[in-house]
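A.B. asks: Structure for the following, please:
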Amino acid sequence: MRTLTLVVMAVVLTSVVSMAGEAKHQYVGAEVCGMCHKTAKSGEQFQKWQASKHSQAMKTLSSPEALKIAQAKGIKGKPSEAPECLECHETAYNAPASLLGPKFNKEDGVQCESCHGAGGDYKTMSVMKDRQKAIANGLVLVSVSDGSAEKLCETCHNKRSPNFKGFDFKKMWAEIAHPVPKQ
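C.D. replies: Numbers count the residues shown, from 1 in each chain. Have a look, this model is predicted:
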């Protein structure tokens, strides 16, 4: 018993130390991002997200079809509570509650911060107007040209997904692309 207790304590201490060394930004949620990213000047990015399947990712886990898929794959319980499903369907899955802002709603599915990083420290206009300052404060930029967008998408859209039927990045990117229009 004493050996087990020491092992558990070592694991907990290792987790605390590794967490302490990581930069932590708070997740603010799509509604906060949408306050600025809904105008024509921003390319109506929020509306594009709302119309996407990403915004419905958590809702799909509550469907009868999701339950059938989960059962067929041996996943116990509800898909909307299963780690195997939530790791791709929920933004900030497994993040400590202290990193979830008051307006953050897990039910909003795959939100802006799934790709662009937790926005608590870069969400203000004064930070966002300075790209380097925004990046220093947690903004993650993904690009088609350098392959980072495709690589990020494939962290969920891959053979581990229970209903994976292949992933055509170019086709799917066209459905979710949300560039800022040239001014």
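
A.B. asks: Only C-alpha atoms from now on, for both contacts and neighbour counts.
C.D. replies: Fine.

A.B. asks: how about the residue nearest the centre of the chain, what does it touch?
C.D. replies: Nearest to the geometric centre of the chain sits Ser114, at 2.1 Å (Cα atoms, centre = their mean). Ser114 makes contacts with Thr91, Ala92, as judged by Cα atoms under 8 Å, 6 or more residues apart in numbering.

A.B. asks: pLDDT of the helix or strand containing it, averaged?
C.D. replies: Per DSSP states H and E: Ser114 is located in helix 112-116. Averaging pLDDT along helix 112-116 yields 97.

A.B. asks: C-terminal to that helix, which secondary structure element comes first?
C.D. replies: Toward the C-terminus, helix 112-116 is succeeded by helix 125-128 as the next helix or strand (DSSP H and E).

A.B. asks: Buried ones in the helix or strand just after that following helix, by neighbour count?
C.D. replies: Of the helices and strands lying after helix 125-128 in sequence (DSSP H and E), the nearest is helix 131-136. Across helix 131-136, burial judged by 16 or more other Cα atoms under 10 Å covers Ala134, Ile135.

A.B. asks: Could you list every helix and strand that helix 131-136 packs against?
C.D. replies: Applying 3 or more Cα pairs under 8 Å, 6 or more residues apart in numbering; DSSP states H and E, one finds that helix 131-136 makes contact with helix 125-128.

A.B. asks: What lies in contact with the helix it packs on?
C.D. replies: By Cα under 8 Å, 6+ apart, the residues outside helix 125-128 that reach it are Tyr122, Lys133, Ala134.

A.B. asks: now that helix, how far from the centre of its chain.
C.D. replies: When C-alpha coordinates are averaged (Cα atoms, centre = their mean, to the nearest Å), helix 125-128 and its chain have centres 21 Å apart.

A.B. asks: how about that helix: buried residues?
C.D. replies: Val127, Met128.
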